[in-house]
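My questions concern the predicted model and sequence given below.
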Amino acid sequence: MREIHRSWSTDPAVRHKAAAGGTLTALGRYLLDSGRVEAVLHVRADNRKPWLTTSTISRTSDEVLGGAQSRYGPSAPLVNVHRLLDEGTRFAVIAKPCDISAIRALARIDSRVDRLVPYMLTIFCGGVPNAHIAKAIMRHHGVDEQDVELFRWRGEGWPGPLRVGTRDGAIYDMTYEDAWRGKKYGYGIQFRCKICPDAVGEVADISATDGWTLRDGKPIYEEAPGTNATIVRTRAGEELLHAAIAVGCLDVSPASIEEIEQMHVKNHPHRKLGASAALFALRLMGQRAIRAPGYRTADALKRAGLRTLFRQFAGTIGRVKAGENREHLI
């Protein structure tokens, strides 16, 4: 890690629309407006089925803004990578940590990546739910999916409501606490996410997550002006962030790794520190497991502690026995 900040877009419209502070949206817009890239590869809500997510290529800053806000569900942002490489387009990628890892892996066998993809930006990922969670939310509101015109997971405030809008103008909102903490419906994370060792985007140039307000060392989710916690990981990311600050696209304030750990203590550390136990459980059960080159196994084992390791090991064994490692496509 080269730098850690709280950050937010200086454009009030971007900051309000975005899921948090609009940092990644602001950076994507800056990259296009400055001519550093010709396109930004990211995702947005599907036009026909807005509870689903589709890959998109933005070539203007307004198009980037149109794809702002978090999307909780399966997505395949990289389906257009080879198209852009074949076109010789210089582009940035804003995607999940696993997607950024895939781009880095591609770079090892395709020299065009290093030449044409100068910036890779990501989020902190709590895991991707399957598409059925969106349908469960619609059922919770008594809404038929054919009548849905808007499905917004976050944004229009921070954290903003989870909003379902119908074609006849009806609006159904849930607060962040009700949607993600109250669990009025099942929240099924894909199995692959439960064994992922990198929810924080270690191989990206910049990682941005919610910069939650802390009270007595714990995050609170009251509505407030959106703020990200941003980790700069590479020299390219450092230069980009400072350039965006210099032209007035972003504001920043101090943050520490201890604060980020407090903000996200409930989901990221256990999976990362316990990943080796989960992967060992898979191999012990004769199941396929991912490889994670560069994962600091010895350090993770020392920091995890027996309780975390046992939970990850036993949890993985139980999921394999239940067949949960055989996923539906969506």
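Okay, I see it. Numbers count the residues shown, from 1 in each chain.

In the chain, which helix is the longest?
Identified as the longest helix of the chain according to DSSP state H is helix 297-321.

residues making contact with it?
Helix 297-321 is contacted from outside by 191, 194-195, 270-278, 280-282, 284-285, 287, 325, using C-beta atoms under 8 Å, 6 or more residues apart in numbering. For every residue, glycine as well, the C-beta is placed using N, CA and C.

what residue ranges in the stretch 101-250 of the chain score low on pLDDT?
182-187 (pLDDT under 70).

In three-state terms, how would residue 245 be classified?
Here residue 245 is helix, with the state taken from DSSP: H, G, I helix; E, B strand; the rest coil.

a strand runs through residue 120, doesn't it?
Yes. Residue 120 forms part of a strand when assessed by three-state DSSP.

hey, what's it bridged with?
When bridges are called by DSSP bridges, residue 120 pairs up with residue 93.

still on that earlier bit, give the buried residues for the longest helix of the chain.
The neighbour-count check on helix 297-321 (16 or more other C-beta atoms under 10 Å) flags 300-301, 304, 308-309, 311-313, 315-316, 319-320 as buried.

do the same with stretch 119-137
119-131, 133-134, 137.

Can you give me the end-to-end span of that stretch?
This stretch, stretch 119-137, spans 35 Å end to end (C-alpha to C-alpha, to the nearest Å).

shouldn't residue 121 be in contact with residue 92?
Yes. Taking contacts as C-beta atoms under 8 Å, residue 121 lies within contact range of residue 92: 6.7 Å.

got any residues that touch both of those two?
With C-beta under 8 Å, 6+ apart as the test, residue 121 and residue 92 both reach residue 28.

Would you report the backbone torsion angles of the residue nearest to residue 72 when sequence neighbours are not counted?
With sequence-adjacent residues excluded and distances taken as C-beta to C-beta, 6 or more residues apart in numbering, residue 72 is closest to residue 153, at 4.9 Å. Taking degrees, to the nearest 10, you get phi -70, psi -40 for the backbone angles of residue 153.

residue boundaries of the strands in this structure?
Applying DSSP state E to the chain gives strands spanning 3-9, 39-45, 53-58, 91-95, 119-123, 148-152, 162-166, 171-174, 206-210, 213-215, 218-220, 228-232, 250-254.

So for the fourth one, mean pLDDT?
If I follow you right, that is strand 91-95. Mean pLDDT, taken over the full extent of strand 91-95, equals 98.

and the angle for it with strand 119-123?
10 degrees (axes from the mean of the first three to the mean of the last three C-alpha atoms, to 10 degrees).

Would you pull up how far strand 91-95 lies from the middle of the chain?
12 Å (C-alpha atoms, centre = their mean, to the nearest Å).

Thank you kindly, that will do.
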